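S.K.: any chance you can model this:
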Amino acid sequence: MNSKTLSPRPSELGQADFVAHYGDIYEHSPWVAELAWERGLDSGQDTPPGLAAAMGRVLREASAERQLEVIRAHPDLAGKAAIAGELTDDSTREQAGAGLDQCTPEEMARFERLNAAYKAKFGFPFVMAVKGSDRHAILAAFETRLENDPAEERRTAIEQINRIAGFRLEDRVG
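M.R.: Got it, this is the predicted structure:
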C-alpha cells in the first residue's frame, strides 16, 4: 500500500460525512466507520494504510458476535448473489478481478460444494481478499481453511476482511 492521501481527508470530516464516505468499506457494516471516527482521527488516518489500521483495530477489538455479523455480511465467493448480480459494486469488482465470473461449470459446482461445506462447519461464509488471486488459488485456500478450527477461522476471516478494507481504501486515493 502507498501513502497517498484519501479524498476527502478522513480527519477533516464530521461523523456523518465520514460514515457517508467510508461506511461502506466494511460490507454492510457502517458501525466500523462510526466507531473509528468516535475514537478520533488525525492526519495519520488520512492515508489508506492509516485509516485501514484504525478501522481494522475497531473490528479486531469488537466482540465475537459483532465480528460474526461482519463476516456474515459478506457474500459467498462465486455464489448465488454473484450469479444474480446482487453483490455490492466493490464485491462485484473484486470477484471479477479474480476471474470468478469466468468459472467453468465444474469450478462453479466445486465453489458451491465448498461454500456449503464451509458454512456447515463454521456458520458463516468463506471470506478471502481475492485481489491478486485467481480462482485456482481461491479454491486451494478454501480446501486449506476448511481444516481450521472455528476460532482460528474466525480470526482468519477477520484478517481477510481487514485486507479487503485496505484494498478498498487504496482504490479511493484521490
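S.K.: what is the longest helix of this structure by residue count?
M.R.: helix 150-170 (DSSP state H).
S.K.: return the set of buried residues in it.
M.R.: Neighbour-count burial for helix 150-170 flags 153-154, 156-158, 160-170 (criterion: 16 or more other CB atoms under 10 Å). Where you see a C-beta, it was placed from the backbone N, CA and C, and this is true even at glycine.
S.K.: where do the helices of this protein begin and end?
M.R.: Under DSSP H, the chain gives helices at 15-22, 31-39, 48-61, 64-72, 80-84, 89-97, 105-122, 135-145, 150-170.
S.K.: mean pLDDT for those: which is lowest?
M.R.: Across the helices of the chain, helix 80-84 has the smallest mean pLDDT, namely a mean of 67.
S.K.: look up the closest residue to Glu107, ignoring the ones flanking it.
M.R.: Nearest non-adjacent residue to Glu107, counting by CB to CB, 6 or more residues apart in numbering: Arg135, 6.0 Å away.
S.K.: give me the number of residues near the one you found?
M.R.: 22 (other CB atoms under 10 Å).
S.K.: start the count at 8, not 1, going forward
M.R.: Okay, residue one is now 8; in that scheme the one you just asked about reads as Arg142.
S.K.: correct me, but it touches Cys110?
M.R.: Yes: under the criterion of CB atoms under 8 Å, Arg142 makes contact with Cys110 at 5.9 Å.
S.K.: picking up where we left off before, output the helices of the chain in CSV; the columns should cover distance to Ala136.
M.R.: Conversion of the helices of the chain to CSV gives the following (distance: least, CB to CB, whole Å):
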stretch, distance to Ala136
helix 22-29, 18
helix 38-46, 16
helix 55-68, 12
helix 71-79, 13
helix 87-91, 16
helix 96-104, 8
helix 112-129, 16
helix 142-152, 10
helix 157-177, 4
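S.K.: what's the pLDDT at the closest residue to Arg16 other than its chain neighbours?
M.R.: Distance criterion CB to CB, 6+ apart; nearest residue to Arg16, sequence neighbours excluded, is Asp53 at 4.6 Å. If you check Asp53, the pLDDT there is 97.
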